[in-house]
Every structure is written in structure tokens, then in C-alpha cells.
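Student: Take a look and give me a structure for this.
(one chain, ligands or ions: 1)
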Amino acid sequence: MKFFIDTANLDQIREANDLGILDGVTTNPSLMAKEGIKGEENILKHYIDICNIVDGDVSAEVIATDFAGIIREAENLAALHPQIVVKVPMIKEGVKAIKYLTSQGIKTNCTLVFSAGQAILAAKAGATYVSPFIGRLDDVSTDGVALIGQIAHIYSLYNFETQVLAASIRHSMHIISCAEVGADVVTCPLDPILGLLKHPLTDIGLEKFLADHKKK
Ligand code: E4P
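Tutor: Predicted structure coming up:
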């Protein structure tokens, strides 16, 4: 299972990358705005900065919602750096754009996916990744992890190559649950990743080992 970090914060990307377990980065317009990255030139530069930190796929989202606009932005983003994956929303024009971009050899991440039907369309269009938002589903009393399992099962039946990228992860248990149901990738903020490190018995055990080592 691949680990992506879901942030546009360069310090957090560096910290996760330094752990040695990072396979890529996802961003979205809200995450870019949170870091105060505004204006096309700054946004494009920021994507390049991210690519220069991490050796892996970096999702950069289009803003356009019409076919021609999505293609124009996608080609611009893809030309920035070989690691860029173009994030396209799950709308009618987005599906058409994913099909076209795939035919042009441009990698895509179909975002804002909330159902198995949407995930089937993304796979049929040839998306590199499909991003079901599990935290936002949980927020409305719907089982996000169950959707990951359902999509992974459907894809395996038909050998779809689209990778299931579990997004909108809120805590460490989401990561473990997604691993159990066959997610290909999890993208999460830094805290849930670091949360996987923690166990009180590890801390107690280490403290005792170090204390015993000091005894004469
Ligand atoms: C996915 O790629 C999105 O950037 C992200 O996971 C959304 O998460 P949120 O629901 O916490 O905003």
C-alpha cells in the first residue's frame, strides 16, 4: 500500500518524506489556499517545489469544469514536471477529460468520488487513481471504509488498473482499516501517519531497556 501525504505544507511534506515511507503527495485548492498560495504563477511554482521534495506522484487539481478548460489546465500542469498527476473532478466533463488525457499519456486522479458507480466510471475512463473521500462520507453517517472495500472488490473482478486512493482520512484507524479492505494508496495529513508510530508499551519497554542498560 502506498502512502501519500495530503497537504501543500512543504515542512510537513519534508517531515513525512524524511521518514522514508512517503510515495507521493495530494493537494487540492483548499489545501493550497490554507498555505496562502495564490495566483497562477505561485501555484505552479509550488507544485514544482513539492515535486522536488518527494520522489513520487504529486496530484495537482484543475479548477476548470468544462472539457476544453480542463484539458488546457491539465496539459499545462502535466508539462510542469513528470511527477504531476492531474486531479479532475467526478463530473460529466471530467470523465470525458480523463478519457482524453489517458489517451495522451497524462496521469489522472479522479477526485470527489463518493459512490461505487462513480468509481466504475473513473476506471472505465482510464483514471490512474480514483479518490473516494472516506472522512466526508463518515461525516454524513455513511461508511467510508466500506466504500473502499466495495470499489477494491469491483476493480479486482474486472482487472481495472485504476488504483484506489483512499482520501479524506481523518485518523490512524482509517489507514489501518483501508489497508484491511485493499486500498492501493492512502492519502492523509501528517498526524494520522505519525499516529501509527504510537504505542504506550513501546515507550514503557524502551524506557526499561535504557534504564537496565545503565545499571552496573
Ligand atoms: C483528496 O485528495 C483530498 O485532498 C482530501 O483528502 C480531502 O480531505 P478532507 O475531506 O479532509 O478535506
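Student: Just the strands from this protein, written as ranges.
Tutor: Assignment of strands within the chain using DSSP state E yields the ranges 2-6, 24-26, 57-61, 84-89, 108-113, 129-132, 163-166, 185-188.
Student: who touches the fifth one?
Tutor: What that stands for is strand 108-113. Strand 108-113 is contacted from outside by 26, 28, 59, 61, 74, 85-90, 94-95, 97-98, 101-102, 118-119, 122, 125-133, 162, 165, 167, using C-beta atoms under 8 Å, 6 or more residues apart in numbering. (Each C-beta comes from the backbone N, C-alpha and C, glycine too.)
Student: So which of those reach the ligand?
Tutor: If you filter those for contact with the ligand, counting by C-beta under 6 Å from any ligand atom, you are left with 26, 28, 131, 133, 167.
Student: Taking the residues you listed together, which two end up most distant?
Tutor: Taking C-beta to C-beta as the measure, those span a maximum distance of 11.2 Å, between 26 and 133.
Student: and for the two, which residues touch both?
Tutor: By C-beta under 8 Å, 6+ apart, the residues touching both residue 26 and residue 133 are residue 167.
Student: Compare these two and say which is more crowded by neighbours.
Tutor: When residue 26 and residue 133 are compared for neighbours, residue 26 comes out ahead with 26 against 18, by other C-beta atoms under 10 Å.
Student: how close does the more buried one get to residue 4?
Tutor: Using C-beta to C-beta, to the nearest Å, we find residue 26 at a distance of 5 Å from residue 4.
Student: ok so, going back, possible to save the strands of the chain as a markdown table with distance to residue 200?
Tutor: Shown next, in a markdown table, are the strands of the chain (distance: least, C-beta to C-beta, whole Å):
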| stretch | distance to residue 200 |
| --- | --- |
| strand 2-6 | 24 |
| strand 24-26 | 31 |
| strand 57-61 | 35 |
| strand 84-89 | 38 |
| strand 108-113 | 37 |
| strand 129-132 | 32 |
| strand 163-166 | 27 |
| strand 185-188 | 22 |
